[in-house]
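Q: sequence and predicted structure, then a few things I'm wondering about:
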Amino acid sequence: MPINIPNGLPAASVLTSEHVFVMTQDRAEHQDIRPLELLFLNLMPKKIVTEIQYMRKLSSTPIQVNIELLRIDHHVSKNTPQSHLDTFYKDFADVKKRYYDGLIITGAPLDKTDFDDVTYWSKLQEILNWSTTHVTSTLFSCWGVAAALKHFYDIPLINREQKLSGVYWHKTTNSVNALTRGFDDYFLAPQSRFIDFPTNVIDSNTDLVILADSDEAGVFLACSRDKRQVYVTGHPEYDAGTLADEYRRDLNAGLNPIVPKNYFPHDDPSLQPRCTWRSHGALLFSNWVNYIYQETPFDHVYKTGE
């Protein structure tokens with residue numbers, strides 16, 4: 001089944017060109033099925049790029065997923081047209097009385113910013129509290145993981161001396177969990193962060209189940225025991241060229257970045273990188289959506305909360 005996204009969203013034409021079955025709102029209204037209702041809180045600057053990446057992964061499930069886009073504030077973006085935000089994004093006030101099957105909270109370029117200095121920290125905390133009673137399962141990504149760990153477990157921001165950038169091997173530590181069903185014992189996934197997620201810190205200070213980690217990159221995937229919260233520290237949604245774009249951006253900014261590890265052939269940035277994580281990335285999102293589908297009854301009224 002397809003994903004159902006707002007009419008006119010740029011992701012629709014991109015995914016259609018890739019032969020991904022995208023259903024517009026007009027057509028979805030005539031489908032006699034129980035679709036999943038998913039809210040997407042996009043904290044990334046380049047919102048259109050992020051939309052496409054996540055929606056590409058969410059399309060690899062046979063379940064229809066209706067997606068609504070949420071913004072955290074009305075900050076004027078330098079990377080996304082204001083018309084796009086005004087047309088496709090909702091404010092929290094518009095959705096807080098509703099119930100959703102799933103919520104995705106993306107990362108944000110705030111690795112070295114104290115939470116109290118994040119302009120929308122109090123609003124994000126409100127949304128995090130709301131998610132515990134209004135969402136079946138919430139998936140946190142990268143900085144979103146750090147924010148959730150701080151809010152729910154009071155774990156402070158832990159920074160690495162050097163940015164973790166590249167494609168790393170991770171070990172599946174729990175292969176019978178619904179979220180890791182079908183995972184290989186070891187798999188590759190992109191990481192791009194200064195934030196550290198040490199396995200021993202998360203294991204000692206939370207009740208989360210660690211599903212996959214790495215000696216070099218720390219925890220990659222963890223979840224609450226009821227799977228209502230899913231923590232993904234890496235970027236399985238990344239396109240093949242995303243790490244290259246980030247590397248060249250930082251290079252042009254004079255930041256002297258390290259070459260992303262295990263990414264360019266022979267570690268040569270002049271060569272075309274290869275995507276070695278696409279299948280496991282798709283499997284993770286498919287497992288998450290399938291788990292939510294199994295947990296929510298057909299006749300549960302998520303749109304109105306009645």
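A: On my side now, so go ahead.
Q: mind listing the helices for the stretch 1-150 of the chain?
A: Under the criterion DSSP state H, counting those that start in this stretch, helices of the stretch 1-150 of the chain are mapped to 10-17, 25-28, 47-58, 82-88, 92-95, 121-134, 143-153.
Q: show me the shaky parts of the protein.
A: 1-5, 7, 11-12, 15-16, 18-33, 297-306 (pLDDT under 70).
Q: now E161, what's its secondary structure?
A: Three-state call for E161 (DSSP: H, G, I helix; E, B strand; the rest coil): strand.
Q: would JSON lines of the helices of the stretch 1-150 of the chain with mean neighbour count be doable?
A: (Each C-beta comes from the backbone N, C-alpha and C, glycine too.) Shown next, in JSON lines, are the helices of the stretch 1-150 of the chain (neighbours: other Cβ atoms under 10 Å):
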{"stretch": "helix 10-17", "mean neighbour count": "16"}
{"stretch": "helix 25-28", "mean neighbour count": "12"}
{"stretch": "helix 47-58", "mean neighbour count": "22"}
{"stretch": "helix 82-88", "mean neighbour count": "14"}
{"stretch": "helix 92-95", "mean neighbour count": "13"}
{"stretch": "helix 121-134", "mean neighbour count": "16"}
{"stretch": "helix 143-153", "mean neighbour count": "21"}
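Q: closest to V201 out of those helices?
A: In terms of Cβ to Cβ, the element of these nearest to V201 is helix 143-153, at 9.0 Å.
Q: tell me what the closest one is packed against?
A: Here helix 143-153 touches strand 100-105, helix 121-134, strand 135-141, strand 186-195, strand 229-232, going by 3 or more Cβ pairs under 8 Å, 6 or more residues apart in numbering; DSSP states H and E.
Q: so what does the shortest one touch, helix or strand wise?
A: Secondary-structure packing of strand 229-232 (3+ Cβ pairs under 8 Å, 6+ apart): strand 135-141, helix 143-153, strand 218-223.
Q: how about those in CSV, adding distance to L103?
A: Output for these, formatted as CSV (distance: least, Cβ to Cβ, whole Å):
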stretch, distance to L103
strand 135-141, 4
helix 143-153, 10
strand 218-223, 14
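Q: which of these sits closest to A108?
A: Closest among the helices and strands packed on strand 229-232, using Cβ to Cβ: helix 143-153, at 4.6 Å.
Q: longest helix anywhere in this structure?
A: In terms of residue count, the longest helix belonging to the chain (DSSP state H) is helix 278-295.
Q: tell me which other helices or strands that helix touches.
A: Using 3+ Cβ pairs under 8 Å, 6+ apart as the contact test, the elements touching helix 278-295 are strand 36-41, helix 47-58, strand 100-105, strand 135-141, strand 186-195.
Q: which non-adjacent residue is nearest R71?
A: Nearest non-adjacent residue to R71, counting by Cβ to Cβ, 6 or more residues apart in numbering: Y89, 4.3 Å away.
Q: so how many other residues sit close to that neighbour?
A: By the measure other Cβ atoms under 10 Å, the count of residues near Y89 is 20.
Q: same question, P236
A: The local packing of P236 (other Cβ under 10 Å) involves 24 other residues.
Q: and what of the one 3 residues further on?
A: For D239, the count of nearby residues is 17 (other Cβ under 10 Å).
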